[in-house]
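J.: All I have is the shape, not the residue letters:
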């Protein structure tokens, strides 16, 4: 999952976009998590959402992963 997310993030970062003849630079922040046996849909999405906001708050243009008992980038 992390390798795929990083490929997506890097691909978006390397693309050249234009709007109304203006060059645009786009980046993405990605939050990942893994399904745990005790998860509900709510806890799973909440954890992924938390990881995404952490990616945005720690500098954007990055991928953060959050497991139920540990957090890492």
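T.: Structure's in. What do you need? Keep in mind that this is a model prediction, so the values were computed, not measured.
J.: Tally up the residues packed near residue 54, please.
T.: Using other C-beta atoms under 10 Å, residue 54 is surrounded by 17 other residues. In this view, the C-beta of every residue, glycine as well, is placed from N, C-alpha and C.
J.: mind checking pLDDT for the residue lying farthest from the centre of the chain?
T.: In the chain, the residue that sits farthest from the middle, by C-alpha atoms, centre = their mean, is residue 21; the gap is 28.7 Å. At residue 21, the predicted lDDT confidence score is 91.
J.: do residue 67 as well
T.: On the pLDDT scale, residue 67 gets 82.
J.: how many neighbours does the nearest residue to it once chain neighbours are set aside have?
T.: With C-beta to C-beta, 6 or more residues apart in numbering as the criterion, residue 67 has its nearest non-adjacent residue at 5.9 Å, and that residue is residue 34. Counted with other C-beta under 10 Å, the neighbours of residue 34 add up to 13.
J.: Next up, the contacts around residue 34.
T.: Applying C-beta atoms under 8 Å, 6 or more residues apart in numbering to residue 34 gives the contacts 1, 65, 67.
J.: now stretch 10-19, how far from the chain's geometric center?
T.: Chain-centre distance of stretch 10-19: 16 Å, with C-alpha atoms, centre = their mean, to the nearest Å.
J.: just the strands in the chain please.
T.: Residue ranges of the strands in the chain, as given by DSSP state E, are 17-19, 22-24, 30-33, 63-66, 71-72.
J.: how much space between residue 22 and residue 16?
T.: 12 Å (C-beta to C-beta, to the nearest Å).
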